[in-house]
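J.: Next come a sequence and a model predicted from it.
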Amino acid sequence: MSSDKTPVLVIEDEAPIRCFLRAYLESQDFRLIEAESGEEGIGLAASHQPALILLDLGLPGMDGLEVIRRIRQWTATPILVLSARGKEQDKIDALDAGADDYLTKPFGVGELSARLRVALRHSALSAGGAGDSAPAPVFRCGELTVDLAARRVRLAGQEVHLTPIEFKLLAFLVRHAGKVVTHRQLLKEVWGSVREDQAHYPRLYVHQLRHKIEPDPARPRFLRTETGIGYRLEDGETN
């Protein structure tokens with residue numbers, strides 16, 4: 001197998017799922033690394049340094065959430081959770097622990113492929129722009145343009161005036177475009193704390209933001225709601 005293929009680590013205890021992922025990923029020119037437990041997965045993540053990690057939460061021994069927390073102590077490698085746990089709180093817990101995205105089993109290969117592309121693209125952009133002198137990107141999604149360096153937002157060529165909090169919120173979503181961002185993450189990153197009396201802030205400001213950046217706020221095209229979890233800004237290159 002060619003060593004120049006993109007390495008993907010799969011941490012999954014169910015052999016049929018690993019077999020399915022192996023057949024699909026290898027057909028897409030990925031190089032698969034497999035682990036059946038959390039402990040083994042952490043070791044392989046350290047020794048093989050994969051470009052992406054696909055992780056099940058219901059693992060024997062160490063739970064998947066603990067695996068995410070351990071891996072996040074030393075690497076920002078994208079983690080895509082593939083789990084049969086479909087409750088909102090399970091998704092929130094995984095994303096808050098440091099996962100980049102979450103797919104509920106069963107899932108289609110089309111959606112898996114799209115999520116893989118987004119995760120790998122943003123990982124490459126983060127690695128390429130790690131230096132302080134790297135220019136801030138200009139985000140484009142349909143008619144929406146966000147210039148982070150100039151702090152300028154345009155919709156269909158017309159400048160959009162945002163308040164400082166609205167721009168801070170949008171900028172955070174732009175930096176995580178294509179990923180689900182939880183209410184808790186927004187509170188921490190935009191308002192600097194996670195207090196009970198501030199829990200309504202993300203919903204309020206997303207509502208205001210949509211009325212400024214969406215052609216039809218009642219049918220948002222750019223800023224989507226992940227019910228009970230948070231929000232996802234559509235990835236510009238996938239539109």
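T.: Now that the structure is in, tell me what you want to look at.

J.: Mind jotting down where the strands sit in this protein?
T.: 6-11, 30-35, 52-55, 79-83, 101-104, 138-141, 144-147, 152-155, 158-160, 180-182, 223-226, 230-233 (DSSP state E).

J.: I'd like those strands as TSV, with mean pLDDT appended.
T.: Shown next, in TSV, are the strands of the chain (pLDDT from 0 to 100):
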stretch	mean pLDDT
strand 6-11	95
strand 30-35	95
strand 52-55	96
strand 79-83	93
strand 101-104	91
strand 138-141	88
strand 144-147	92
strand 152-155	93
strand 158-160	94
strand 180-182	90
strand 223-226	94
strand 230-233	94
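
J.: Of all these, which one is nearest residue 167?
T.: strand 152-155 (7.2 Å; CB to CB). Every residue, glycine included, has its C-beta placed from N, CA and C.

J.: other SSEs contacting that closest one?
T.: Contact here means 3 or more CB pairs under 8 Å, 6 or more residues apart in numbering; DSSP states H and E; on that basis strand 152-155 packs against strand 144-147, strand 158-160, helix 201-213.

J.: between the longest helix belonging to the chain and strand 79-83, how many degrees?
T.: Counting residues, the longest helix found in the chain (DSSP state H) is helix 109-128. For helix 109-128 against strand 79-83, the angle by axes from the mean of the first three to the mean of the last three CA atoms, to 10 degrees is 160 degrees.

J.: Okay, now the unreliable bits of the protein?
T.: Low-confidence segments of the chain (pLDDT under 70): 1-3, 125-137, 236-239.

J.: what's the domain layout of it?
T.: Here the domain parsing of the chain from automatic domain parsing is 6-128, 138-238.

J.: Could you export those as a markdown table, including mean neighbour count?
T.: Output for the domains of the chain, formatted as a markdown table (neighbours: other CB atoms under 10 Å):
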| stretch | mean neighbour count |
| --- | --- |
| domain 6-128 | 17 |
| domain 138-238 | 16 |
